[in-house]
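**Q** quick one: sequence plus predicted model below, questions after.
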Amino acid sequence: MASTDVAAEVKAQTTQVEEPAKVTRHQEVGHKSLLQSDALYQYILETSVYPREPEPLKELREVTAKHPWNLMTTSADEGQFLGLLLKLINAKNTMEIGVYTGYSLLSTALALPDDGKILAMDINRENYDLGLPMIEKAGVAHKIDFREGPALPLLDEMVKNEEMQGSFDFVFVDADKDNYLNYHRRLIDLVKVGGVIAYDNTLWNGSVVAPPDAPLRKYVRYYRDFVMELNKALAADPRIEISQIPVGDGVTLCRRNY
Ligand SMILES: C[S@@+](CC[C@H](N)C(=O)[O-])C[C@H]1O[C@@H](n2cnc3c(N)ncnc32)[C@H](O)[C@@H]1O
């Protein structure tokens, strides 16, 4: 079925229970998760997420919404999920690759104990600076060690340092998708046994199931094959247990087994 047909079918289904809504990036290529209903997604946000969202995080979300690249931000429901996950695994020493204005960074910083740490990397400091006042307001800036620059050379340095091997409880990867497998090759040594690596965007706008002729935006098409290759590689990697969760744009949790 062509993607436009799928989108039309989805639209027909969802409009039975809601007002006609703008086409979301989930609907754009027509995958069939429950949350293709905008109304259900709004229900989750309004019932379970926004009422629990700390004020500085809300402020950071609102500031980010005005930024031209705001599509890159982690959604509020995913931020809440990551925060809960960190508490469930008692994470203390963590890493984030891909900060942008810091929504996921602040969500996770708030979930860490006062002496918790996040090594945060991004090639762009300007965007991080936009969110920094809210991170400071939330009283968690002392947990964050922000490094400006590409993540790969930093990871290479860390892997060489024996003390850093197996030292991270949690890593959130949300950056250049064409490097995810390169990150994985290094992170598997840096995360502790029993620790978790979370790869973001593993459903990549639903494009992982788009037919070859689907009208995808250029950057979606470019990264699609990398994301699909990553998904296959993670599924075949015996060193990890995985679960691919349809929150946000898809997040794959990997627990290091050995
Ligand atoms: C999707 S955004 C991150 C969103 C962020 N997690 C949030 O919650 O808003 C991707 C980020 O990865 C950064 N990035 C791209 N290539 C990178 C690289 N090689 N190393 C580090 N960061 C990179 C970009 O500058 C951008 O800020």
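**A** Received the coordinates, thanks. Residues are numbered from 1 along each chain as shown.
**Q** quick one: the strands in the stretch 51-200 of the chain?
**A** 93-97, 117-122, 144-148, 168-173, 191-200 (DSSP state E, counting those that start in this stretch).
**Q** partners of the first one in the sheet?
**A** If you go by DSSP bridges, strand 93-97 pairs up with strand 117-122 (parallel), strand 168-173 (parallel).
**Q** for these, give me CSV that also has mean pLDDT, mean neighbour count and distance to Tyr128.
**A** The C-beta positions use only the backbone N, C-alpha and C, and glycine is treated the same way. Formatted as CSV, these follow (pLDDT from 0 to 100; neighbours: other C-beta atoms under 10 Å; distance: least, C-beta to C-beta, whole Å):
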stretch, mean pLDDT, mean neighbour count, distance to Tyr128
strand 117-122, 98, 22, 6
strand 168-173, 98, 25, 15
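**Q** nearest to the ligand, of the ones you listed?
**A** Shortest distance between the ligand and those, using C-beta to the nearest ligand atom, is found for strand 117-122: 4.4 Å.
**Q** those residues of the stretch 151-258 of the chain touching the ligand, which are they?
**A** 151, 174-176, 179 (C-beta under 6 Å from any ligand atom).
**Q** for the most centrally placed residue in the chain, give the beta-bridge partners.
**A** Among the residues of the chain, the one closest to the centroid is Asp200, at 3.6 Å (C-alpha atoms, centre = their mean). Beta-bridge partners for Asp200, by DSSP bridges, are Val251.
**Q** wait, it sits on Val251?
**A** Yes. Counting by C-beta atoms under 8 Å, Val251 is a contact partner of Asp200 at 5.3 Å.
**Q** show me what secondary structure element comes after the lowest-mean-pLDDT helix or strand in the chain.
**A** The weakest-scoring helix or strand in the chain, judged by mean pLDDT, DSSP states H and E, is helix 3-14 (a mean of 34). Scanning forward in sequence from helix 3-14 by DSSP states H and E, the next helix or strand is helix 38-44.
**Q** alpha carbons of that next one, as CSV, please.
**A** Extracted in CSV, the C-alpha atoms of helix 38-44 (Å, rounded to 0.1, in the frame of the first residue of the first chain):
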residue,chain,number,x,y,z
ASP,A,38,-3.5,12.7,18.2
ALA,A,39,-6.3,12.6,20.8
LEU,A,40,-4.7,9.7,22.7
TYR,A,41,-1.3,11.3,22.6
GLN,A,42,-2.8,14.6,24.0
TYR,A,43,-4.6,12.5,26.6
ILE,A,44,-1.3,11.1,27.8
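**Q** cool, thanks, signing off.
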